[in-house]
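K.L.:
Provided below are the primary sequence and the corresponding predicted coordinates.
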Amino acid sequence: MKKFLKIVGLLLLIIIALFVVLIVVKVYLELQQKLKQEKICVEKLRNAGPYEADTVQFRFAPIHDTARAAEVYRYFRLDTLLSPTASTWDNATRLARLVADNVPHDNPPRTEEGWPKEHTAIGYWKHNQNRPGLNCRHHSIMLYELLTAAGIKARFVTCLPEDSTDGDCHVVNHVWLPELSKWAMLDADGFFYYTLPNDTIPLSLAEMRQRVIDGKPMQLNVDMDKSELKFFSKYTMRPYWSKNLYWFEVHEQHCFGRENNEHPADRLIALIPSGWQAFVKHGQAIKTTDEARFWAAPEE
């Protein structure tokens, strides 16, 4: 009987070992595939036409709504979260953490029950209480309204791939840091941002794109306790960003309820490489190759 139990135990150990080996091999092959995809996407970025100044008419401008700002501020009790002595970036990351910690990532089905009815910070928060989980666009709109209510200038930006058959894109926030006179990318869908290695200054989308093209490192900062990606974040996110930094879309007028059909008079402005024709993703967009104007400091 003891000999039989030893044989059974040995077989179980062998099965477990084989199972572990299969998992390791699977993860290794997936990572190799992602690295291969990254190489292809980086080459597309390097071969893209340069940005060039143009005369396309557009003007980014916020639609101020003090009543809505006050409503959002009170609803989320931002006075208990924000610090008047903290930097813009510190307060912005506090708001991003509020979203990331309480609203998990999901792509809700476009059904009566699954899809949010009100595309505002408060509407998303209420929807999340009944059906937890929102996608990256929802996270970004929610964080944008919290930032705006806190008096922090921001925009939500759609980051897109070159491949028109790729149905995936990513939406993040661009936060203006007056102390540093620069934009900073902040992703509330998991609480991500990038800095230079061994540095604390967050990178903008333009800086991230250029570093990918130049093959220079970026340091991924992520809330490892909350992120679904956890250990694999640094291996999966760079290939993902290499794909989704080819071109960008931003609303010309940014405001509360932007995608809640409250302000229908609006245009999408797309920053594209010269010599490339952007495909329609979220409706017809005004196309520009003028990086300087597209990423200019926000109006006062």
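P.N.:
Done, it's in. Just so it is clear, the structure is predicted and the values come from calculations on it, not from any experiment. Numbering: from 1, shown residues only.
K.L.:
quick one: the helices in the stretch 51-200 of the chain?
P.N.:
According to DSSP state H, counting those that start in this stretch, the stretch 51-200 of the chain carries its helices in the segments 66-75, 88-102, 121-130, 136-149.
K.L.:
With adjacent residues omitted, what lies nearest to R267?
P.N.:
Excluding the flanking residues, the one nearest R267 by CB to CB, 6 or more residues apart in numbering is E252, at 4.5 Å. For glycine as for every other residue, the C-beta is placed from the backbone atoms N, C-alpha and C.
K.L.:
That should have said A86, apologies.
P.N.:
R94 (7.7 Å).
K.L.:
ok, now which ones touch the one you found?
P.N.:
Contacts for R94 (CB atoms under 8 Å, 6 or more residues apart in numbering) come out as 81-83, 86.
K.L.:
List buried residues within the residues you listed.
P.N.:
Neighbour-count burial (16 or more other CB atoms under 10 Å) applied to the contacts of R94 gives L82.
K.L.:
out of the contacts of R94, who's nearest G49?
P.N.:
Among the contacts of R94, A86 lies closest to G49 (CB to CB), at 41.0 Å.
K.L.:
how close does that closest one get to T93?
P.N.:
With distances taken as CB to CB, to the nearest Å, A86 is found 9 Å from T93.
K.L.:
related to what we said a few turns ago, gap between the residue nearest to R267 and F294?
P.N.:
Per CB to CB, E252 is found 11 Å from F294.
K.L.:
ok, the two, which is more surrounded?
P.N.:
Neighbours per residue (other CB atoms under 10 Å) separate E252 from F294, with F294 holding more: 20 against 15.
K.L.:
Please name the residues that touch the more buried one.
P.N.:
248, 250, 269, 271, 288.
K.L.:
change it to 7 Å
P.N.:
With CB atoms under 7 Å, 6 or more residues apart in numbering as the criterion, the residues that contact F294 are 269, 271, 288.
K.L.:
Distance to H174 added to the helices of the stretch 51-200 of the chain, as JSON lines?
P.N.:
Shown next, in JSON lines, are the helices of the stretch 51-200 of the chain (distance: least, CB to CB, whole Å):
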{"stretch": "helix 66-75", "distance to H174": "19"}
{"stretch": "helix 88-102", "distance to H174": "11"}
{"stretch": "helix 121-130", "distance to H174": "17"}
{"stretch": "helix 136-149", "distance to H174": "9"}
